[in-house]
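Q: Sequence plus the predicted model coming up.
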Amino acid sequence: MALQHPSAPSRASSRVHAGTARSGVVHVNAPHTSHFTVVGNHLLQHRRLSATAIGIGAYIQSLPEGSPVGVKALAEWFPEGEIRIGSALRELERHGYLERRRERLASGRVVTRTYSYNKPGAAAGGPPPPEREPVPVPVPVSEPEPEPAPEPAPEPQVAIAPAPAPAPPPAPQPVHPQAADLLAGLRRHDPRLLLSERDVARLAPGMSAWLERGADPVAIGQTLSGNLPEPMRNPASVLAYRLNALLPPHLPAAPTSGKQARPRPHPLQNCDGCDRAFRSPTPGRCGACPPAASAAA
């Protein structure tokens, strides 16, 4: 049986060279002979710059002369949006790594040029910021892009007239005094036409239109309550439809000729005494028969 050595190092740990840090990052460096940029640690280890600003600053230092470094050009290369990239460029300007100047060309056109400083303090003539040994950082090299076109002139502003004030709502129409009573009394014609106070107030203007056109109240009740559907789930909706769809025309004016309209004759009645027919507004005895009291005596 083989002896066990619980304290023996594992195969992975046996390959660690002497002097390797026990924790943290371990650099595995390979020499670069092309396509690399030397960037100072004062930028890569800046304590007041964001990670986005440090990365964009290192990327700009790796670009060839004349490459566009505007917000839109950088947004096509980095996944960050234009807002974060614009904020990072302003950070680099505040700490002296970028400078934007508007310069006039020989042709007279004004362009904006961006100057990138790999050592802000030394480029401005002042003391350089504290730095460590430069660390070569491999970054991709992009092809130069053509110079951006000049910004178009702002369009003239057009004064827009204010929108007109909304028209006031129409004044409520007066309601006929008999409208609510007629609507509430429809349940005498059919018990299903029992309306609430809210329905009566809502249907009162429609009933007023009928009364204002000279419609007879008795005829209105018969028209609205006749031939109701079966079953009738919502009587208020049925009445609202009939008040609108069956609205009669205006009653024509009475004739203005000199001849007066002939009164209609009284209906025929049967005499209670002699059983003869005679015209009278109410039933009873004819003129030839004595009154009912004397006949009984």
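A: That came through fine. Numbers count the residues shown, from 1 in each chain.
Q: got any ranges where the stretch 51-200 of the chain has weak pLDDT?
A: Within the stretch 51-200 of the chain, the segments meeting pLDDT under 70 span 123-161, 169-173.
Q: mind listing the helices for it?
A: 51-62, 71-77, 82-94, 120-123, 179-184, 197-212 (DSSP state H, counting those that start in this stretch).
Q: what's the domain layout of this structure?
A: Listed domain ranges for the chain are 34-137, 179-245 (source: automatic domain parsing).
Q: Using TSV, lay out these together with mean neighbour count.
A: (Glycine included, C-beta is placed from N, CA and C.) Shown next, in TSV, are these (neighbours: other Cβ atoms under 10 Å):
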stretch	mean neighbour count
domain 34-137	14
domain 179-245	15
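Q: re earlier: and the helices of the stretch 51-200 of the chain: which comes nearest residue 34?
A: helix 51-62 (12.7 Å; Cβ to Cβ).
Q: now what about the closest one, what contacts it?
A: Helix 51-62 has contacts (Cβ atoms under 8 Å, 6 or more residues apart in numbering) with 37, 39, 43-44, 46, 49, 69, 74, 77-78, 80, 84-85, 87-89, 91-92, 97-98, 114, 116, 118, 137, 139-141.
Q: Next, find the distance separating the closest residue to residue 110 other than its chain neighbours from residue 70.
A: Distance criterion Cβ to Cβ, 6 or more residues apart in numbering; nearest residue to residue 110, sequence neighbours excluded, is residue 104 at 5.2 Å. Noted for residue 104: a distance of 19 Å to residue 70, by Cβ to Cβ, to the nearest Å.
Q: With residue 63 instead?
A: 12 Å.
Q: go on, residue 76?
A: For residue 76 relative to residue 70 (Cβ to Cβ), the value is 10 Å.
Q: Surely residue 233 is within a strand?
A: No. With DSSP: H, G, I helix; E, B strand; the rest coil as the criterion, residue 233 is coil rather than part of a strand.
Q: start at 3 instead
A: Right, with 3 as the first residue, what we last looked at is residue 235.
Q: And the pLDDT for it?
A: If you check residue 235, the pLDDT there is 84.
Q: Run a quick check on residue 177 versus residue 208, I expect a contact.
A: No. Between residue 177 and residue 208 there is no contact under Cβ atoms under 8 Å: 10.0 Å.
Q: where do the strands sit along this protein?
A: Using DSSP state E, the strands found in the chain span residues 39-41, 100-106, 112-118, 137-139, 270-272, 279-281.
Q: now the angle from the second one to helix 84-96?
A: Here strand 100-106 runs at an angle of 90 degrees relative to helix 84-96 (axes from the mean of the first three to the mean of the last three Cα atoms, to 10 degrees).
Q: So which of the strands of the chain is nearest residue 182?
A: Using Cβ to Cβ, the nearest of the strands of the chain to residue 182 is strand 270-272, at 38.0 Å.
Q: and the closest one, which strands flank it?
A: When pairs are called by DSSP bridges, strand 270-272 turns out to pair with strand 279-281 (antiparallel).
Q: The partner strand - what's its average pLDDT?
A: Per-residue scores along strand 279-281 average to 81.
Q: quick revisit: would you mind putting the strands of the chain into a markdown table with distance to residue 214 alongside?
A: Output for the strands of the chain, formatted as a markdown table (distance: least, Cβ to Cβ, whole Å):
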| stretch | distance to residue 214 |
| --- | --- |
| strand 39-41 | 92 |
| strand 100-106 | 78 |
| strand 112-118 | 77 |
| strand 137-139 | 92 |
| strand 270-272 | 36 |
| strand 279-281 | 36 |
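Q: Name all residues that make contact with residue 240.
A: 230, 231, 234.
Q: Touching, the last one and residue 194? I think so.
A: Right, residue 234. Yes. Using Cβ under 8 Å, residue 234 is in contact with residue 194, at 5.6 Å.
Q: can you pull the contacts of residue 290?
A: Counting by Cβ under 8 Å, 6+ apart, residue 290 has contacts 276, 278.
Q: which phi and psi does it have?
A: phi -80, psi -20 (degrees, to the nearest 10).
Q: If anything else comes up later, I'll come back, but that's it for now.
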